[in-house]
Structure formats: C-alpha cells, structure tokens
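Asker: Pasting the sequence and the predicted model now:
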Amino acid sequence: MEENTVVNTQNNANENTTNNTNINTPSKGKTVQQKRKPPTSGNGWTNDLKKAFDINERIQKERLNPHNKLNLKTNSNIKITPLGGLGEIGGNMMVIETNNSAIIVDVGMSFPDDSMHGVDILVPDFTYIRQIRSKIVAIVITHAHEDHIGGMPYIFKEIQVPIYGTSLPLEMIGSKFDEHKLKQHRSYFRAVQKRKPIRIGEFEVEWIHITHSIVDSSALAITTEAGTIIHTGDFKIDHTPIDNYPTDIHRLAYYGDKGVLALLSDSTNSHAPGFTRTEKTVGPTFEKIFSTAKGRVIMSTFSSNLHRIVQAIETGLRYNRKICIIGRSMEKNIDIAMNLGYVKFPKSNFIDAHEVNKYLDKEILIITTGSQGEPMSALFRMSIHEHRHIKIKETDQVILSAKAIPGNEGSVSEIINQLLKAGANVAYKDFSDIHVSGHAAQEEQKLMLRLVKPKFFLPVHGEYNHVVKHSQTGIECGILERNTYILSDGEQVEIAPKYLKRVKTVKTGKTYIDNQRNRKIGDDVVLDRQTMANEGVIMIVAQINEDNRTIEGQARVSSFGIVDAKSEKYFAKEIEDILSNFLSHIKPGILKNTRSTEEELRKVVRKHCIRKYRKYPMIVPTIFVQ
C-alpha cells in the first residue's frame, strides 16, 4: 500500500523545530492531520525535502512495478500456444490453457502465395486442437476480420464448442456457417457485453472496446488463478473514431492497476513511428475528390472497413449521389451492419447495379470490392469490361482507398493499369490521407504498454521483424529484457507469476482450402501442382513383351514444360531409347509387378532429366505387360 505522507514546507519564523512532517493517517474513515512545527534551520528543510523525494520515488517505483500486484504464492500457470499469426500477416489463432480448461482465441485465414496453384485460402493446422479436444471449452473472438474468423467454418466441422463474441463478429461467422451448410451451429453463439467478465471454464474473460479498421473490435482480459493476460487483438488508439467510441483506455488502466501477468499485443505496425492517423483524416480527402468529379465516383476499399464506407456514403449523399454497392462480400457486410444497427442510412438512398444507367453519371457513387486487384473482383471485371452492368469509362473517378497487402503489390499495380487503359482517373497514392492504417504505431504501442504494465510481454501478430521491433519498444517502456519473449507458431510457453518458460513445440502449419467448393486440398495435390508448374511433366505409355523384354510397337511419349515443340520428337526418341535400355537391364521377375516396373522406370527417367536438363519433372509411366 502506498504511504500517504505529505511534507509541510510552510515557513514560520516564530517556530523552532527540526521535524516538520504532517502525516495524514485515516482514523475511523476520517483523515487526521498531525501538525508539526516547521524548521528554522536550512538542514531541517533539506531533510524534509529529501524525505519527500524518497517517499515519492518509492511511490513511483511501486506503481510501475507489476510484481507486487501478482500472487507469487500460487502454483497455477497458464500455457500459451500460437497456431497462426506469427511469422506472417494473417491466419491468427492461439490456444490459452490451464490444467483443466482451454480456450481458442480467433481462428483466422491467410492468403496463399503464387506457388500454391488452385489454393484460395489457408487455415491453421488443427492437429493440436484435436489432441486437447477434451479441454477446449470455448472459442473467443476479438473482431470480424477474415484473418481472425476466416477459418471458423473449418474448425467447426471438427469440434463444436460455444463461440463468444460481440454482435458483428458472430453475425459474420453466422454468414459463413450458412454458406457451409452449418446454419444449425448458430446455436453455439454467445453474444457478450463489453466490460462484463464472463466465466468460461477456468477462465474469466472480459471484452474491452478498442478501435481498429473494423467496428466493434475488442481486446480481451483473460483471468485465471495464475493472473490476468491482456490480449489486445488488432488495435490502434483512435481518439476520434467515426462512431465516437474510442478505445476503452480506462478499463485497460483498471487492469494495469490491478496487476497484469502478461500482455500479448499487436505488432503489425511496429516499425511506424509516432501515432497512426485517425480514420477521420480520410473524410476531407473524399470531400476534395468528390468536389471535382464530373462523372461517376467508384470507391474501392476492404469490404470490412465499415467506417471508411460510411465516410464515402456520407460524402456521396452530400453531393446528391445515389449509392450502389457492388461485390458479394461488400454487399453482405453492409447488409449485416445495417441490420444490426452499426450503419444507419435510409434504404431509399441505395440502388442496384442494374439501375445505375437510369441516372446521370454525376448522380452515382459506386462502392465496390477489388482494392487488392483480385482477378475475380467486381472492380477488376469492370476495368476489363466483363462486368454485367458496369464498365469503366473515361469520365469515371476511381478511388482506391486501401494499401496493398504485402504480396499483392503486383495485383494492385495491374488493376491500376487496367483502369487507366479504360480511361478512368485513378486516385491511389496521389493523396497522403486516402488511406490510414488500422494498426497501432509505436507511440500507441507504448501507451498500451504503459497502461497495462505487464510483468511479461509477448508481442504477437506480424512477421518476425515486426515482433522483434515491438519487443524492443517494450524494453524501452520498462519491461525487463528477460521478461520479453518472441513466440513462433507452434511454440508453447508456460507463464506463472514467478517465471516464463518454453515448454514444447506442437505441430503447426497450413491447411490448403479450395474456397469454390469449401473443401480441403491435400498437401500432395498442391506439391504435384507445384512440380508440374515448375519442373514439367513426362507421360510414357508402352506395351512390354515380358518374354523377350522388348517394347511392342512404339512407346508413346508426351512431355509438357521440358522441351520446346521443335525438340519434342527428338525428346520422345530419347526417352524410348532409355526405356529399351532399362528393359534390357531390368532384374528378372520385376516385370511381373507392374507397379514396381513403373516406379523403377520413373527413377531412371528422372535421373536422366536431372543430369541433362537440370529438371525434376513429374513422370507418369503407364506400362502394359504381355
């Protein structure tokens, strides 16, 4: 407890004492002031000031010291296992467990790279979830971005447990369940109230409002016997958000004052100095663009960025434009937000895509998907004149109000090129405030650290360089270096008031998903596709005489991606010669097993291709033995 001591330094020349400290001590609910005479000598004053300094210095150290608020006598601990979201952007998923209970924080998705042919999305590997299935009591959701909820239908096909979250995330998960024919599992939804702790197994979980690039985002306060963990989710600290609901820093400070065992905090923007700009800075940019637009305005952003969409709609309405929403995910998200009350506009202001041509161009605002240059998006199809109702024309003003996700730079550049070729005027990087981030920059990360004052700090959400930089920021804010830990996916740590230690590594990775059919794609299928794309394919069909070990007739050899068309005949003869030589040296009796024969032939042809062409092609032999 802090000592409530006040030093009286009022001068009184008629009093002659050496101790002049007034100590306020509570007595039966009242404060009693004990008056002492002030000193007349300089030494007395110096002693009192020194004592005041010492007391205040102790108070400062105590308020910044998280150790004294934790229960150091407990034998309880908490285990934390990230299964996605570290060493990458997206795919966020984490398991937090005690001895008898476990909760999953978010189940997100990420996007494939160019080598994953035919793969639409990636979700975390659920192997560890299956191993601790009996312990899992719930899934808790921080917010409704795809990289936090995109994997929910796939995990729910394996395990069914209650899902806790606020209204928007739950409804967006429900929409996904409907698509996956899991509508009956909406019964597992549990809508929560912010600032109201809920008992879930051995956990007490509270949702704390934070600002981000999607409405209704939350941080989590997760309390067990070992202590409290604050999980920020994705956040920034916007003091003037569009909906006037700023980050609940008071509640974060409340937990910080009680004592926080560990902080898990968003690292995505950890290299950015200063503060992330408020979402409201985008509004004046829209105003400037709309004021000079002579034809249609077509604005594209992330379909989940409802605050950005609201600002565009408000600006469009001020310029007497009808609003047309195009794009499946955009239409779905706005419909959900309007039904739940997050977005409030009269429906009479909205028109369908087929009604656009009934109005003058200067009376139209189109809000659409495609800011990342996705080939199947509405904006891309408009740019190449393949959209059913809308085709880009010279009088159009296009606004790309989004930043390219790492890896999507080429796609964004391509759609800008297509829009410019179609004659449109494109606003992308022409205005510094055409887009603002939804993630905290360094000063906001520091504020979070100072509010929460954790004993242990585990930066999460981001590539390795992001979490390293965030850990350095944590050390600058007073976290002991030995109490900062950089996690990796699959790495399990155990935390107790007295220690943090690495326990083990669990199986992790990615599951490939074909989103057109909502089905998993086997690892071997993706590997085969990569081999065919990068190394080529050789197909061999031959009929073999078992008695004299010769080819009956002529073998058929087809190759793809190995040699050009002019060399195809020569290559086929080359492989046929290898086959003849292979048969003349084959071990006796092996021809009786067709599969073994094909496997041996595959090895021989592969060695030849590696030696001569420096390729590792897929080889598909089909042998008929007579």
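Answerer: Nice, thanks for sending it over. The shown structure was predicted, so the numbers you read here are calculated from the model rather than taken from an experiment.

Asker: mind listing the strands in the stretch 151-300 of the chain by residue range?
Answerer: For the stretch 151-300 of the chain, applying DSSP state E, counting those that start in this stretch gives strands covering 163-165, 189-191, 198-200, 203-210, 217-224, 227-231, 260-266, 297-300.

Asker: among those strands, which is nearest Lys157?
Answerer: Lys157 lies closest, by C-beta to C-beta, to one member of the strands of the stretch 151-300 of the chain: strand 163-165, at 13.8 Å. To be clear about C-beta, it is placed using only N, CA and C from the backbone, and glycine gets the same treatment.

Asker: Now His387: closest residue in space that isn't a chain neighbour?
Answerer: Spatial nearest neighbour of His387, excluding adjacent residues (C-beta to C-beta, 6 or more residues apart in numbering): Arg381 at 4.2 Å.

Asker: by contact count, what packs against the helix or strand hosting that neighbour?
Answerer: Using DSSP states H and E, the element containing Arg381 is helix 378-383. Taking 3 or more C-beta pairs under 8 Å, 6 or more residues apart in numbering; DSSP states H and E as contact, the helices and strands that helix 378-383 lies on are strand 297-300, strand 364-368, helix 409-421.

Asker: will you turn the strands of the stretch 151-300 of the chain into TSV that also has mean neighbour count?
Answerer: Below are the strands of the stretch 151-300 of the chain laid out as TSV (neighbours: other C-beta atoms under 10 Å):
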stretch	mean neighbour count
strand 163-165	24
strand 189-191	15
strand 198-200	14
strand 203-210	23
strand 217-224	24
strand 227-231	25
strand 260-266	27
strand 297-300	27
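
Asker: who wins for proximity to Glu491 among those strands?
Answerer: strand 260-266 (13.4 Å).

Asker: Number of residues surrounding the residue nearest to His387?
Answerer: 21 (other C-beta atoms under 10 Å).

Asker: now Asn68
Answerer: 10.

Asker: Looks like it contacts Glu62 (just checking).
Answerer: Yes. Assessed by C-beta atoms under 8 Å, Asn68 is found in contact with Glu62 at 6.4 Å.

Asker: Let me know the pLDDT of Leu400.
Answerer: Per-residue confidence for Leu400 comes out at a pLDDT of 95.

Asker: Quick check: Val95 is in a strand.
Answerer: Yes. Under DSSP: H, G, I helix; E, B strand; the rest coil, Val95 falls within a strand.

Asker: Show me the beta-bridge partners of it.
Answerer: Thr81, Ile104 (DSSP bridges).

Asker: What separation is there between it and Glu491?
Answerer: 12 Å (C-beta to C-beta, to the nearest Å).

Asker: anything in contact with each of these two?
Answerer: Contact criterion C-beta atoms under 8 Å, 6 or more residues apart in numbering; residues shared by Val95 and Glu491: Thr81, Pro82.

Asker: Tell me which residues are up against the helix holding Arg381.
Answerer: Taking C-beta under 8 Å, 6+ apart as the rule, helix 378-383 contacts 298, 300, 326-327, 330, 368-371, 373-374, 387, 390-392, 398, 415, 418-419, 421-422, 424.

Asker: Could I get the average pLDDT for it?
Answerer: 94.

Asker: CA atoms only: put that helix into CSV for me.
Answerer: What follows is helix 378-383, C-alpha atoms only, in CSV (Å, rounded to 0.1, in the frame of the first residue of the first chain):
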residue,chain,number,x,y,z
ALA,A,378,-16.1,-6.5,-59.3
LEU,A,379,-13.7,-3.7,-59.9
PHE,A,380,-11.3,-5.8,-62.0
ARG,A,381,-14.2,-7.1,-64.1
MET,A,382,-15.4,-3.5,-64.6
SER,A,383,-11.9,-2.5,-65.7
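
Asker: can you give me the strands in the stretch 401-550 of the chain?
Answerer: For the stretch 401-550 of the chain, the strands defined by DSSP E, counting those that start in this stretch cover 425-427, 454-460, 491-496, 499-505, 510-514, 519-521, 537-545, 550-560.

Asker: Let's have the ones you listed in TSV, adding mean neighbour count and distance to Ser471.
Answerer: Putting the strands of the stretch 401-550 of the chain into TSV (neighbours: other C-beta atoms under 10 Å; distance: least, C-beta to C-beta, whole Å) gives the following:
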stretch	mean neighbour count	distance to Ser471
strand 425-427	20	37
strand 454-460	26	5
strand 491-496	19	14
strand 499-505	13	13
strand 510-514	19	25
strand 519-521	14	35
strand 537-545	18	47
strand 550-560	15	49
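
Asker: Where does pLDDT dip in this structure?
Answerer: Flagging of the chain using pLDDT under 70 yields the residue ranges 1-42.
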